[in-house]
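>>> dropping a prediction and its sequence here:
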Amino acid sequence: MALPLFLIGARGCGKTTIGRALSHALDYAFSDTDHYLQQATQQTVADIVASEGWHGFRVRETAALLAVTAPSTVIATGGGMVLADVNRHYMREHGRVIYLNVGVEILVARLTAKPEATQRPTLTGRPIADEMAEVLSQRAALYLQAAHYVIDATQQPEKIVQQILETLSLARAG
Ligand code: ADP
Ligand code: MG
């Protein structure tokens with residue numbers, strides 16, 4: 001039974017894009033915790049945050065993580081999934097955790113190019129570049145702490161998928 005693969009990283013690092021492609025390459029199922037939450041609640045992330053606050057959203061996010069975890073599944077997680085200890089431990093214990101590492105400048109370029117693809121309420125109400133820098137500085141250590149593998153996710157998507165496959169097969173061989 002193949003362990004689930006959890007993709008973690010900041011908003012815009014490519015969890016959904018790479019997750020889908022990786023699931024096809026491995027012939028795995030694909031789940032996205034943000035998408036699951038929206039389906040389950042019939043609300044957008046912004047709606048949930050507006051009605052229940054970030055704390056309410058985080059509680060639901062943990063439940064979503066447990067709900068989507070299954071063998072032979074690639075799971076794209078929300079950018080803040082690593083904030084809760086319980087989520088980090090759960091992912092490490094139940095599967096392999098892959099951090100898609102992308103620096104602030106590239107994240108901002110992606111998010112400003114296609115803001116509609118990654119709708120999220122701002123965390124601070126400040127300009128996106130400042131906010132991303134602050135959020136990443138707070139979370140970088142948590143992404144590293146949670147990850148079994150760190151992948152350079154600034155490359156072309158096909159290259160990233162290839163690198164993940166190589167890393168996983170090396171890990172299996174070793
Ligand atoms: P996440 O799910 O981590 O928030 P997405 O997969 O939605 O990130 O990607 C955010 C944006 O960046 C999308 O517009 C996507 O097309 C783009 N993108 C994702 N990965 C790459 C990549 N490796 N190279 C260039 N653009 C990318
Ligand atoms: Mg996503």
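Looks like it came in fine. Ligands and ions are numbered 1, 2, ... in the order given.

>>> from here on, just use CA atoms for contacts and neighbour counts.
OK.

>>> so which bits of the chain are right by ligand 1?
11-17, 110, 114, 117-118, 153-157 (C-alpha under 6 Å from any ligand atom).

>>> list the ones among those that fall in helices.
Lys15, Thr16, Thr17, Arg110, Pro157 (DSSP state H).

>>> wait, the fourth one touches Arg11, no?
No. Arg110 is beyond contact range of Arg11, at 9.7 Å (criterion: C-alpha atoms under 8 Å).

>>> what sits up against the lengthiest strand in the chain?
As assigned by DSSP state E, the longest strand anywhere in the chain is strand 96-101. For strand 96-101, contacts defined as C-alpha atoms under 8 Å, 6 or more residues apart in numbering pick out 3-9, 13-15, 91, 143-144, 146-154.

>>> in its sheet, what does that strand sit against?
If you go by DSSP bridges, strand 96-101 pairs up with strand 5-8 (parallel), strand 149-152 (parallel).

>>> next, the buried residues of that strand.
Judged by neighbour count (16 or more other C-alpha atoms under 10 Å), strand 96-101 contains these buried residues: Arg96, Val97, Ile98, Tyr99, Leu100, Asn101.

>>> take these and write them to TSV, including distance to Val59.
Output for the buried residues of strand 96-101, formatted as TSV (distance: C-alpha to C-alpha, whole Å):
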residue	distance to Val59
Arg96	22
Val97	21
Ile98	22
Tyr99	22
Leu100	24
Asn101	25
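
>>> most widely separated two among those?
Pairwise distances across the buried residues of strand 96-101 peak at 15.7 Å for Arg96 and Asn101 (criterion: C-alpha to C-alpha).

>>> what comes up buried for the longest helix seen in the chain?
When the chain is parsed with DSSP H, its longest helix is helix 45-68. Buried residues in helix 45-68, defined by neighbour count with 16+ other C-alpha under 10 Å: 45-49, 57-58, 60-62, 64-65, 68.

>>> can you check stretch 21-35 too?
Ala21, Leu22, Ser23, Tyr28, Ala29, Phe30, Ser31, Asp32, Thr33, Asp34, His35.

>>> which one of the residues you listed is nearest Asp85?
Distances from Asp85 to the buried residues of stretch 21-35, taken by C-alpha to C-alpha, are shortest for Thr33, at 17.0 Å.

>>> so who does the closest one touch?
With contact taken as C-alpha under 8 Å, 6+ apart, Thr33 is in contact with Glu61, Ala64, Leu65, Val68, Ile75, Ala76, Thr77, Gly78.

>>> coming back round to it: so for Glu131, which of the strands paired with strand 96-101 sits nearest?
strand 5-8 (18.4 Å).

>>> got the contact list for that closest one?
Taking C-alpha under 8 Å, 6+ apart as the rule, strand 5-8 contacts 15, 19, 72-79, 81-82, 91, 95-100, 143, 147.
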